[in-house]
Each structure stands twice: as C-alpha cells, then as structure tokens.
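> Below: sequence and its predicted model.
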Amino acid sequence: MFLRIGHRGAAGYEPENTLRSFERAIAMGVDVIELDVHRTKDGKFVVIHDDTVDRTTNGKGKINNLTFAEIQALDAGRGERIPTLDEVLETVAGRVPVDIEIKGEGLSRAVTEILSSRLLHGANPEDFIISSFSKREIVRVGESINLRRVLLVKHFLGLSVRAALRLHLWGVGVKASLVERRFVEQAHEKGLKFLVWTVDTRAAIEKFKSMGVDGIFSNFPDRLR
C-alpha cells in the first residue's frame, strides 16, 4: 500500500502543525498525518517543528524555556495556537494514523508512555508510527513499546538502511535528494518500507512513485492522489 502522508498536516495550505492543518489534511484523504513533538519548560508535550517559536508564531524563544501557558498565548497563524500532542491524538483518533517525529534527545520514553496509555484504553497499534533522526531515541522506543518505527535519513543512506535493519525497524524516511531506485530495491529486499520526504511537485511525486516507494510526505497532500 502506498501511503499519502500529510507533512505537518497540510502545511502548504494551512499553518503547519495546527489542528486546522491536520483537519485539512484529513479532508484531502491522507493515509497518515505527520507531526513533530517538543517539550515545554514545565513538561508539556506540544506539536511544533522548530525548537523555537520564532518562525511559526508571533512570539520568540526556545520551547524548553517557555511554559505551556506562555506557548498557548501565541498565535500560530490564522488564529490557531500550538496544540498539545494529546489534543491532536484526541482530534484524529480513529480517523487516520499519526506519524510522531520525536525532536531532540530524551523525549522518547515520555512519548511512549502517552501512547502506551492510549493502547491500554483501546487504541490500535497501527494508529501510530514513531520516527526520529536519532537512532538512540528509536532504540528507546523499541525497549518499551511495539510500534512501527522509522529512522529518518538525510545523510549516508546506505549506512542508514543497514542501521535500520540492525535495529529491526519498520522503515526508513529518506530525504528526497538521496533517493535512487537501487536503494529502494535494496530496502525492499530486506523487508524495509521506504518513505520519502518532503515532495511537493507533481513531477517529483510521479518520479518517486515510479521507483516503487512506499509513501511520500508532502505539504500538499492532495497532490499525492
């Protein structure tokens, strides 16, 4: 199955990583929404890509230096605010799976505790994918919970594929500029899923589909149809 993955929701149309963006992506028929997680100064998990609020809100400062109340007071675009991980999971529950990218070191155990609680209350393991550029964080996830895990790759694809196999991962998520058909075939021969980020033009989308990739992250998820 080819996965249409809404990158930060539908970030090409709506303020990224907001409930509005995720709702737009779902309306466009995505198979998965992707989001990013950071922790605030007072220990709340919020959905935002950067480690600061500078680019995506009307505020300034590092996430881990701001309290949740301070972050909630910011405008993330079109009147949206930065949501918590729990808010997003509650909003999309039963509608579409979520790919949670863990940003920074040391967040995996707390995130998996949140997901473990949801699994105990009836959530489907197929509703979640955990991804990270950090092999350490990916390993920690696997120590406490059995979910699909994806190693994100922006350098040294061959080495990363071997690392993913060694860590018994579900797949790799690869920067578009690194993708070659031979790498896709090698991953498939070893049973790995091969996902590509972030692809926004129709021509590039068709190129990667022709290589047989298993999914594409896009800011314009309607173009993945």
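Here it is on my side, so go on.
> count of neighbours near Gly19?
One thing to correct before we go on: residue 19 is Leu, not Gly. Per other CB atoms under 10 Å, the neighbour tally for Leu19 reads 20. In short, each C-beta sits where N, CA and C put it, glycine included.
> Equivalent analysis for Val196, please.
Val196 has 27 nearby residues by other CB under 10 Å.
> Helix, strand, or coil at the residue nearest the centre of the chain?
Centroid check for the chain by CA atoms, centre = their mean gives Glu34 as the closest residue, at 3.5 Å. Recorded secondary structure, Glu34: strand (DSSP: H, G, I helix; E, B strand; the rest coil).
> I'd say it and Asp99 touch.
Yes. Counting by CB atoms under 8 Å, Glu34 touches Asp99, with 4.3 Å between them.
> okay, and the common contacts of these two?
When contacts are counted by CB atoms under 8 Å, 6 or more residues apart in numbering, Glu34 and Asp99 have Ile5, Ser131 as shared neighbours.
> beta partners for the residue nearest to the centre of the chain?
Beta-bridge pairing of Glu34 under DSSP bridges involves His7, Asp99.
> can you tell me which residues contact it?
So Glu34 contacts Ile5, Gly6, His7, Arg8, Val98, Asp99, Glu101, Ser131, Phe217 (CB under 8 Å, 6+ apart).
> Which strand or helix spans Glu143?
Glu143 belongs to helix 135-144 when assigned by DSSP states H and E.
> Output that helix in PDB with nothing but the alpha carbons.
This file holds the C-alpha atoms of helix 135-144, laid out as PDB (Å, rounded to 0.1, in the frame of the first residue of the first chain):
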ATOM      1  CA  LYS A 135      19.000   6.100  16.500                       C
ATOM      2  CA  ARG A 136      19.200   6.300  20.300                       C
ATOM      3  CA  GLU A 137      15.600   7.600  20.600                       C
ATOM      4  CA  ILE A 138      14.400   5.000  18.100                       C
ATOM      5  CA  VAL A 139      16.000   2.200  20.200                       C
ATOM      6  CA  ARG A 140      14.500   3.600  23.400                       C
ATOM      7  CA  VAL A 141      11.000   3.500  21.800                       C
ATOM      8  CA  GLY A 142      11.500  -0.200  20.900                       C
ATOM      9  CA  GLU A 143      12.500  -1.000  24.500                       C
ATOM     10  CA  SER A 144       9.100  -0.100  25.900                       C
END
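> now for stretch 126-134, what's the gap between its first and last residues?
Using CA to CA, to the nearest Å, the end-to-end distance of stretch 126-134 comes out at 22 Å.
> Over to stretch 94-107?
Stretch 94-107: ends 25 Å apart by CA to CA.
> nearest residue to Thr40 other than its sequence neighbours?
Of all residues not flanking Thr40 in the chain, Phe68 sits nearest, at 4.8 Å (CB to CB, 6 or more residues apart in numbering).
> Report pLDDT for the one you found.
If you check Phe68, the pLDDT there is 98.
> Can you give me the neighbour number for it?
17.
> got the contact list for it?
By CB under 8 Å, 6+ apart, the residues touching Phe68 are Thr40, Asp42, Lys44, Val46, Thr84.
> What's the PyMOL line that selects buried ones from these?
Here is the PyMOL command that picks out the buried ones among those, judged by 16 or more other CB atoms under 10 Å:
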select buried, resi 40+44+46+84
